[in-house]
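Visitor: missing the sequence, but the structure's below:
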């Protein structure tokens, strides 16, 4: 992805653990239905995607377990931190996701929460779980790549 500062994207929260725990097959961008105090909290960067997931309920895409901290200056109109939030996507995309998630092993995992052109967006990943040996392979591959780059850099210095 391009540099967020130049492209007008402000990243609020990222779910880095998702890329470690899941194979991401496709990504989608979804809008969110939020209250005023939720938007103010998000602009302050107070959100957590750690245990959240998306699911299609009654033909609507819903986001469960995403934590947005209550806004400090909010009064009685403050929101509930873990409420279920509606995601906005085109009908054909939701129908496609319904078909994919009915297949065995696929789930919808939120990857990134960001603002673009003043609107809060969520990047969803169509994912299947990794086994522990897949995770070990990915770690070993990353370490090997780091060692090769280090050796190449040291060799260039000589």
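Guide: Nice, I can see it. Since the model is a prediction, treat every value here as computed from it, not as a measurement.
Visitor: any chance you could map the helices in this protein?
Guide: 4-7, 16-21, 36-43, 91-102, 132-157 (DSSP state H).
Visitor: ok, the residue positioned nearest the centre of the chain - contacts?
Guide: What sits nearest the mean C-alpha location of the chain, by CA atoms, centre = their mean, is residue 111, with 1.7 Å. Residue 111 makes contact with 14, 15, 18, 19, 24, 27, 49, 123, 124, 125, according to CB atoms under 8 Å, 6 or more residues apart in numbering. C-beta: built from backbone N, CA, C; applies to glycine.
Visitor: Comparing the helices of the chain, which comes out most buried?
Guide: helix 36-43 (a mean of 19; mean count of other CB atoms under 10 Å).
Visitor: Let me know the closest of the contacts of residue 111 to residue 37.
Guide: residue 49 (18.6 Å; CB to CB).
Visitor: my guess is the closest one contacts residue 11, does it?
Guide: No. With contact defined as CB atoms under 8 Å, residue 49 does not count as touching residue 11 (11.2 Å).
Visitor: Give me the more crowded residue out of those two.
Guide: residue 49 (24 against 14; other CB atoms under 10 Å).
Visitor: if we can go back for a sec, residues shared between the contacts of residue 49 and residue 11?
Guide: Joint contacts of residue 49 and residue 11 (CB under 8 Å, 6+ apart) are 112, 113.
Visitor: circling back to that earlier point, could you redo the helices of the chain as TSV and give each row distance to residue 67 and mean pLDDT?
Guide: TSV is the format used below for the helices of the chain (distance: least, CB to CB, whole Å; pLDDT from 0 to 100):
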stretch	distance to residue 67	mean pLDDT
helix 4-7	22	60
helix 16-21	14	79
helix 36-43	10	82
helix 91-102	23	86
helix 132-157	25	81
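Visitor: and of those helices, who's closest to residue 64?
Guide: Comparing the helices of the chain under CB to CB, the one sitting nearest is helix 91-102, at 13.5 Å.
Visitor: Contacts for that closest one, please.
Guide: 28, 55, 56, 59, 60, 61, 89, 106, 107, 108, 126.
Visitor: Could you check what's spatially nearest to the second one, not counting adjacent residues?
Guide: Just to be clear, that refers to residue 55. residue 62 (5.8 Å; CB to CB, 6 or more residues apart in numbering).
Visitor: Could you do the last one as well?
Guide: Residue nearest to residue 126 in three dimensions, not counting chain neighbours: residue 26, with 4.4 Å by CB to CB, 6+ apart.
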